[in-house]
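# Attaching a predicted model along with its sequence, questions to come.
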Amino acid sequence: MSRIGKNPVEVPDGVSVEIAGQSVTAKGKLGELNAIFGDDVEVSRDGNQILVKPRNDGQTARKLWGTSRNIIANLVTGVGEGFSRNLEIQGVGYRAQVQGKDLVLQLGFSHEVRYPVPEELKITCSDQTHISISGADKQKVGQAAAEIRSFRPPEPYKGKGIRYEGEYVFRKEGKKK
């Protein structure tokens, strides 16, 4: 038994979910998301709950049971509330700002780094050292945050770079005289 898969997904007010065969579509105030599942799981609706069950007792069906349930939960949460990821920039002279449809980062290179903001995401900078990425699709929000972080990941000696909010960076001791 999957502990995660057997829990139903609650559909809140303001979100509509349509199930057509193996396709699940969720619509809400933040847009519309769609997911298609394989033949190993069965998706059904019971009132304002969505249930996921394996079609057989095979290993693949049991693996996809909990995964499919969480994908549906992320669809419902994404179109209803949305997801966000926050980044912090540390380092002298390191800063970020949004110019038009680009995120412009100055990270100690000889040039500025421009990151084009995807259409379905919203990137804001509350100040020069904080970046907030928000959107309905959890995967795209996390991917954008990882791509921005990869321009200058935090280094272990001084801790300079881009890090997730609250991320712990293991610090190393420098050279001894």
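Thanks, I have the structure now. All values reported here derive from a predicted model rather than from experimental measurement.
# quick one: buried residues of the longest helix anywhere in the chain?
Among the segments of the chain that qualify as a helix by DSSP state H, the longest is helix 59-80. Neighbour-count burial for helix 59-80, counted by 16 or more other CB atoms under 10 Å, picks out 61-62, 64-66, 68-69, 71-80. Glycine gets a C-beta too; all of them are placed from N, C-alpha and C.
# again, but for stretch 38-54
Quick answer for stretch 38-54 (16+ other CB under 10 Å): Asp40, Val41, Glu42, Val43, Ile50, Leu51, Val52, Pro54.
# mind showing which ranges of the protein have poor pLDDT?
1 (pLDDT under 70).
# quick one: the helices in it?
59-80, 138-150.
# Which one of these lies nearest to Gly100?
Evaluated over these, closeness to Gly100 peaks at helix 138-150, with 16.7 Å, by CB to CB.
# How is this protein partitioned into domains?
9-80, 83-164 (automatic domain parsing).
# now the last one: how far from the chain's centre is it?
The reference is to domain 83-164. 14 Å (CA atoms, centre = their mean, to the nearest Å).
# Just the terminal-to-terminal distance for that domain.
With CA to CA, to the nearest Å as the measure, domain 83-164 spans 14 Å from end to end.
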